[in-house]
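Novice: compute the structure for the input listed below.
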Amino acid sequence: MRMTRRQGRFGLRSGLASETLVRRGLLEEIGESRRIRITPDLNVVKLGGHGVIDYGRSVMHPLCTEIGNLSKENEVLVVTGGGARVRHIMDVGLDLGMPTGVLAELSAKISEQNAIMVALLLSPWGGTRIHQADLLELPTLLRLGQLPVIHGTPPYGLYEHPVRIGAIPPHRTDTGAFLMAEVMGARTCILGKNVDGLFTADPVTNPDAELIPRISADELLEMNLEDMVMEPKILELMQEAVHVRELRIVNCHVPGNITTAVRGERLGTVITA
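Specialist: Predicted coordinates:
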């Protein structure tokens, strides 16, 4: 690439200079190029707000001790969800007729609050609250022995994607954790919940619900379940992902489960791309 001057204007000679950037053949060619993994040893651990953080001291204190000890020998990025307060602000916003983008803005504030509290709980192990603009600082922070904590709401904000049904933003904190794992080229992406994995129905209300130990994103989409313990948007994203080809759902109320998941041992539900 070099600068040229033509008819009083400067231009850049580039392989893409005459491209529309939407030509199918071009996209296929670019898709074959190798992309770097910024943090290939990183384990992204998402702690749900509703299923984990809202349970308070009895769940969070031993869980933070486990994650803190785990971080001494493993690279970990903790991602926080919102929980009951997100559901409350969504309820109020929907009642007032707020558009999807505004609901996304409002819900992000709650998961940010949880990130601050979780970072403080992890402070004995180097817990450090970071912002989404700090993601590219992860390699340095991890080498300094820090344990970064970030909120999981994707930064679409007012530009949140429209939804087919209703107005609730489709990209929430599970999706945000997955997107961060993908862009950083993480080793694992683990969703910590209050159930033992993905079931055919809600195990809390349906005792006949069966655990799904392993399933592909395509198969799960075809099942068209009424409800899931994770956001459906992840399944669509997994089909196009380059780095994160596997997602694990575990019950982090059980001591040791996060450690077991990081080690890659059989546990919970594994969803493959």
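Novice: in terms of helix, strand or coil, where does Thr128 fall?
Specialist: Look at Thr128: counting by DSSP: H, G, I helix; E, B strand; the rest coil, its state is strand.
Novice: hang on, isn't it packed against Gly145?
Specialist: No. Counting by C-beta atoms under 8 Å, Thr128 stays clear of Gly145, with 10.1 Å between them. Heads up, the C-betas are built off the backbone N, CA and C, glycines and all.
Novice: the two - which one has more neighbours?
Specialist: Neighbour totals were compared for Thr128 and Gly145, and Thr128 leads with 17 against 10 (other C-beta atoms under 10 Å).
Novice: check the more buried one and give its pLDDT.
Specialist: Thr128 carries a pLDDT value of 96.
Novice: likewise for Gly15?
Specialist: Reading off the model, Gly15 has pLDDT 70.
Novice: again with Gly101
Specialist: Confidence per residue is given as pLDDT, and for Gly101 that number is 94.
Novice: ok, which stretches of the stretch 151-273 of the chain are strands?
Specialist: In the stretch 151-273 of the chain, the strands defined using DSSP state E, counting those that start in this stretch lie at 188-193, 214-216, 246-251, 269-272.
Novice: so what secondary structure elements neighbour the longest helix anywhere in the chain?
Specialist: Taking DSSP state H as the assignment, the helix of the chain that covers the most residues is helix 100-121. Using 3 or more C-beta pairs under 8 Å, 6 or more residues apart in numbering; DSSP states H and E as the contact test, the elements touching helix 100-121 are helix 57-70, strand 75-80, helix 84-95, strand 127-129, strand 147-151.
Novice: need the strands of the stretch 151-273 of the chain in a markdown table with distance to Thr80 and mean pLDDT, can you?
Specialist: Below are the strands of the stretch 151-273 of the chain laid out as a markdown table (distance: least, C-beta to C-beta, whole Å; pLDDT from 0 to 100):
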| stretch | distance to Thr80 | mean pLDDT |
| --- | --- | --- |
| strand 188-193 | 10 | 96 |
| strand 214-216 | 26 | 94 |
| strand 246-251 | 16 | 95 |
| strand 269-272 | 21 | 94 |
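Novice: single out the most deeply packed of these.
Specialist: For the strands of the stretch 151-273 of the chain, the stretch with the most neighbours on average is strand 188-193, a mean of 27; neighbours defined as mean count of other C-beta atoms under 10 Å.
Novice: quick one: contacts for the most centrally placed residue in the chain?
Specialist: What sits nearest the mean C-alpha location of the chain, by C-alpha atoms, centre = their mean, is Ala177, with 1.2 Å. Residues counted as contacts of Ala177 (C-beta atoms under 8 Å, 6 or more residues apart in numbering) are 44, 46, 79, 152, 189, 191.
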